[in-house]
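Visitor: When you get a sec, could you give me coordinates for this:
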Amino acid sequence: MQVKTFTGNSTKEIMARIKEELGPEAIILSSTKHSRRNGANYEIMAALDDPAQVPPAEKPLATTHSDDLRDLREEWSRLRNQVMSVLKPQMDLGLLTPRQQIVLEYLEREGVRQDVLMDLWTRFRRGPHESTLSVLSGMISATPWLTQNWRHKFHFLAGPYGSGKTSIALRLSLAVKKNRSETRIMVVNADRSQGKGRLYLRHYSELSGLTYRELVNIEQWGSLAREAETHDLVLVDLPGLPGTENMSAWLNRMSCGTLPPVHMHLVLSPLFGAAQMDNFVSRMRTDSTASIIWTKVDEACNYGEILNQARITGLPVSLLSVGPDLKNSLVQPTDQDIWKLLLRHELPAATN
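Guide: Take a look at the predicted model:
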C-alpha cells in the first residue's frame, strides 16, 4: 500500500492534489485541521492499494444473490452514464424560472451528477409554479437515528477506512446513554487490522461503562447473539475491507451464515470523490442496509455526494457528525437541514 501525507491551506486544494498524484481510487486515512496565526492549515493522509500486494481473492463456489446485485448496480451505473451523455444537451435551462436555473447550476458546481440534475430539471418542469424547496423535498429523506424505532438491536457500521466508523460507534453509544441512561449497550470491534482504532474503542468503551467485545474468528462471531442477549443495543464496527472484497460475502464467511437480524448503516464522508464513493457503496451495501451516516461534514468543501447517494441508493440519511469531540457532535438531520447544508453550506447544530 502506498501511503502519503498532503498538507495545504484548504481541503479542496489537497483533495485535488491527491486525485492528481494517487488517482480517484485513493483512500483517505485521516484528516487533521491545524489552527495557526496566519490561518488554518490542513493535513490529509491518503493511501493507494498496490495491486501486486493484494492477495488473490478466494474463488466463490457459486454466485450469490449479493454478487448478482452488485454486478447489476455496476452495469446500471455504466448505462446511466451513457444515457446521460445523450440527454444532457436536451436539458434546456431556458425552460426554467431564474431561481430554478440558479439552484440547478449551483448543485452542478457542488458535484451533483448529471442524472440527478436531469431528475431535478424534470421535477422543475412538472411543477413550474411550485416553490423550489417543495420540489427539492422529495429528492432526499432523513430518518433521525436516535428517535427511529429500529426493529433490531444489532447495528453494523460499514464503510471505508478513515470514514469515522469507530468514532460513530462511540458517539452513538454516548448519545443513547445520554437520552436513555438505562440502555444496556455493547460495542463490538470486528476490525482486527486497525490496532490503534481497536485500542481507542476499547479504552473509551470501558471509561463510559459500555460492554466491549472483539470478533477475531468464526467462533466469536458464532457466539455474538448469545453474548448480546442481556443487552438492548449492539453496535458493531466492521472493517473497511480490501478493494476487491464484498461485505456480504465477508460477513457470510465470518459468521458461517448465522448472523442475527441486523440493520446495516453505511458510514461515508463527503471528502471522498465520486468514483471512490461508487466503489465503497457497491462493495459495502448489503440487503440489510438501512441508512447512510455522513461524517466529517465540517471538513468538506462540497456536499453533492450526499444528494447523489440519496438518489442512487434510495437510502435515508440518519446522522451527520461535525467536529472532533465524542460528545455533542451528532446531528439528527431533517430534510431542511440537509438542503441548508447543500445550498448554503450551513452546518446544523450538533445536539447529541
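Visitor: Do a quick rundown of the helices in the stretch 151-300 of the chain.
Guide: With DSSP state H, counting those that start in this stretch as the criterion, the stretch 151-300 of the chain has helices at 165-179, 195-207, 218-222, 224-227, 247-255, 274-284.
Visitor: doesn't Leu117 fall inside a strand?
Guide: No - counting by DSSP: H, G, I helix; E, B strand; the rest coil, one finds Leu117 to be helix, located in no strand.
Visitor: Just the local confidence number for it, please.
Guide: We have a pLDDT of 92 for Leu117.
Visitor: Could you check how far it is from Gly111?
Guide: Note on Leu117: its distance to Gly111, by Cβ to Cβ, to the nearest Å, is 11 Å. (Glycine included, C-beta is placed from N, CA and C.)
Visitor: list the contacts for the nearest residue to Leu341 once chain neighbours are set aside?
Guide: Once flanking residues are discounted, Leu341 sits nearest to Tyr303: 5.5 Å by Cβ to Cβ, 6 or more residues apart in numbering. In this structure, Tyr303 makes contact with 110-111, 270, 297, 341-342, 345, judged by Cβ atoms under 8 Å, 6 or more residues apart in numbering.
Visitor: Tell me how far stretch 215-224 lies from the chain's centre.
Guide: 26 Å (Cα atoms, centre = their mean, to the nearest Å).
Visitor: Quick check: bridge partners of the residue most central in space within the chain?
Guide: A centroid search over the chain (Cα atoms, centre = their mean) returns Leu268, at 1.9 Å, as the residue closest to the centre. Residues in a beta bridge with Leu268, per DSSP bridges, are Trp294.
Visitor: so after the worst-scoring helix or strand of the chain on mean pLDDT, what's the next helix or strand?
Guide: Lowest mean confidence among the helices and strands of the chain (mean pLDDT, DSSP states H and E): helix 65-87, at a mean of 54. Next along the chain after helix 65-87, taking DSSP states H and E as the criterion, comes helix 98-109.
Visitor: quick revisit: how much space between the residue nearest to the centre of the chain and Leu315?
Guide: The span separating Leu268 from Leu315 equals 10 Å under the rule Cβ to Cβ.
Visitor: Mutual contacts of these two, please.
Guide: Any residue near both Leu268 and Leu315 by Cβ under 8 Å, 6+ apart counts here, and that gives 292, 309.
Visitor: rewinding a little: could you tell me the least trusted of the helices of the stretch 151-300 of the chain?
Guide: helix 195-207 (a mean of 84).
Visitor: Counting neighbours, which bits of that helix end up buried?
Guide: 197-198, 201-202, 204-205 (16 or more other Cβ atoms under 10 Å).
Visitor: same thing with stretch 308-327?
Guide: Of the residues in stretch 308-327, those scored as buried under the neighbour-count criterion (16+ other Cβ under 10 Å) are 308-312, 315-322.
Visitor: Just the mean pLDDT for it, thanks.
Guide: Regarding stretch 308-327, the rounded mean pLDDT is 93.
Visitor: now that stretch, how far from the centre of its chain.
Guide: Using Cα atoms, centre = their mean, the mean C-alpha position of stretch 308-327 is found 6 Å from that of the whole chain.
Visitor: Output that stretch as CSV - backbone C-alpha positions only.
Guide: C-alpha atoms of stretch 308-327 as CSV (Å, rounded to 0.1, in the frame of the first residue of the first chain):
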residue,chain,number,x,y,z
ASN,A,308,-26.1,11.7,-5.3
GLN,A,309,-26.1,8.8,-2.9
ALA,A,310,-29.6,9.5,-1.7
ARG,A,311,-30.9,9.2,-5.3
ILE,A,312,-28.7,6.3,-6.3
THR,A,313,-29.3,4.1,-3.2
GLY,A,314,-32.7,5.3,-2.1
LEU,A,315,-31.4,5.3,1.5
PRO,A,316,-32.3,8.0,4.0
VAL,A,317,-29.7,10.0,6.0
SER,A,318,-29.9,9.1,9.6
LEU,A,319,-27.0,11.0,11.2
LEU,A,320,-24.4,13.8,10.5
SER,A,321,-21.3,14.2,12.5
VAL,A,322,-19.5,17.5,13.0
GLY,A,323,-16.3,18.4,14.9
PRO,A,324,-13.7,16.2,16.6
ASP,A,325,-15.4,15.7,20.0
LEU,A,326,-17.1,12.4,21.1
LYS,A,327,-19.9,14.2,22.9
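Visitor: Now the helices of the stretch 151-300 of the chain in TSV, please, with extra columns for distance to Val236.
Guide: Supplementary listing: these in TSV, determined by distance: least, Cβ to Cβ, whole Å:
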stretch	distance to Val236
helix 165-179	8
helix 195-207	11
helix 218-222	10
helix 224-227	8
helix 247-255	10
helix 274-284	13
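Visitor: okay, now the domains of this protein?
Guide: Under automatic domain parsing, the residue ranges defining each domain of the chain are 2-51, 69-138, 145-344.
Visitor: could I get those as TSV with distance to Asn352?
Guide: Compiled in TSV, the domains of the chain are given as follows (distance: least, Cβ to Cβ, whole Å):
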stretch	distance to Asn352
domain 2-51	22
domain 69-138	24
domain 145-344	4
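Visitor: now, of those domains, which is deepest in the fold?
Guide: Using mean count of other Cβ atoms under 10 Å, the stretch among these with the largest mean neighbour count is domain 145-344, at a mean of 19.
Visitor: For it, what is the spacing between the initial and final residues?
Guide: Criterion Cα to Cα, to the nearest Å; first-to-last residue distance in domain 145-344 is 24 Å.
Visitor: how far does that domain sit from the chain's center?
Guide: The gap between the average C-alpha position of domain 145-344 and the chain average comes to 8 Å, counting by Cα atoms, centre = their mean.
Visitor: No further queries at this time; thank you.
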